[in-house]
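Visitor: Just the structure for this:
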Amino acid sequence: MKINRNDKCPCNSNKKYKKCCYKTGLFERDPEKILHRFELDKTFNRPSNPIWRKSLINLPVDVLSKIIPVINENNVIRGMCYRNSHLLSFEIDEVDVVHGWYGWGFQKDSVVDNHYWNVVKTGIDSESVEHKGDDVYLVYRTNEFNYTEGVFIDMKYRILYRRHCWNKYKDIHFCVTSEFLQHDEVWKKEQKGDEGIGYKNQWINFIETKTYDTSSLSSVPSIKQKYYEVLDDWTEDFITNNKKQHYGLIPNVKIMD
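Guide: This next block holds a predicted model:
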């Protein structure tokens, strides 16, 4: 869909396109590039004001009442954060989708710490390693879902940063994918295997790089349908190729604090 920059924006904001959704490219770019953010930002800046994930229970009741039916209808799929978060933003006007990084902490002088030092110094268990300065390394590796991903390893503060996708309501950042994992018995069992090797088993913070109001796509049903078709295809392929990865509902959002 080609849009003249001086035309009214398709999102019905009554603003000119160049003053509204032009920069995000929601209406013109390939949906796959919006949904999954294939282009990796190779720059890294330590967050001066970390973004902390909040539980769904911190959201206003009226917003939560819209989120729960979407979750109940579509489920939360482990390993598909971009799918889970975009579905919420597609359906709920007040909810945006955020692309960025999440940080996972590990302990100094632990087994994990020693392993990551070996990774960044020797390149073991990785496809390539780039030193970005001040003990920060960009490492390309094959992840648990069998595709190559780039991760930042901050050896100064012992934090592993992986690409992630979550949601935002005003200034509240929340993530149905990670909240589901807190209740996921399979995930809990796997995490027990990490005890004693150095993971802190906690999400340290988020780094926000790009935010989209994808609910605006509802103003052009044909484009919104393209996004849904991409998500449906990815979901089918993902579940087929990752049978051990399961999906389900968040049992009780009030459990999280």
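Visitor: Provide a list of residue ranges in the stretch 1-150 of the chain with pLDDT below threshold.
Guide: 1, 37-41, 144-145 (pLDDT under 70).
Visitor: would you list every one of the helices in it?
Guide: For the stretch 1-150 of the chain, the helices defined by DSSP state H, counting those that start in this stretch occupy 31-36, 61-74, 81-91, 111-122.
Visitor: so can I have JSON lines of these showing distance to residue 101 and mean neighbour count?
Guide: Every residue, glycine included, has its C-beta placed from N, CA and C. Below are those laid out as JSON lines (distance: least, Cβ to Cβ, whole Å; neighbours: other Cβ atoms under 10 Å):
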{"stretch": "helix 31-36", "distance to residue 101": "14", "mean neighbour count": "18"}
{"stretch": "helix 61-74", "distance to residue 101": "23", "mean neighbour count": "14"}
{"stretch": "helix 81-91", "distance to residue 101": "12", "mean neighbour count": "23"}
{"stretch": "helix 111-122", "distance to residue 101": "16", "mean neighbour count": "16"}
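Visitor: can you redo those as CSV with distance to residue 170?
Guide: Shown next, in CSV, are the helices of the stretch 1-150 of the chain (distance: least, Cβ to Cβ, whole Å):
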stretch, distance to residue 170
helix 31-36, 22
helix 61-74, 9
helix 81-91, 14
helix 111-122, 35
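Visitor: Just say helix, strand or coil for the residue nearest in space to the middle of the chain.
Guide: The chain has residue 165 as the residue nearest its centroid, 1.6 Å off, counting by Cα atoms, centre = their mean. Three-state call for residue 165 (DSSP: H, G, I helix; E, B strand; the rest coil): strand.
Visitor: For burial, what's the neighbour tally of residue 151?
Guide: Residue 151 has 20 neighbouring residues, counting by other Cβ atoms under 10 Å.
Visitor: that's a helix at it, yeah?
Guide: No - assigned with three-state DSSP, residue 151 falls outside any helix and is strand.
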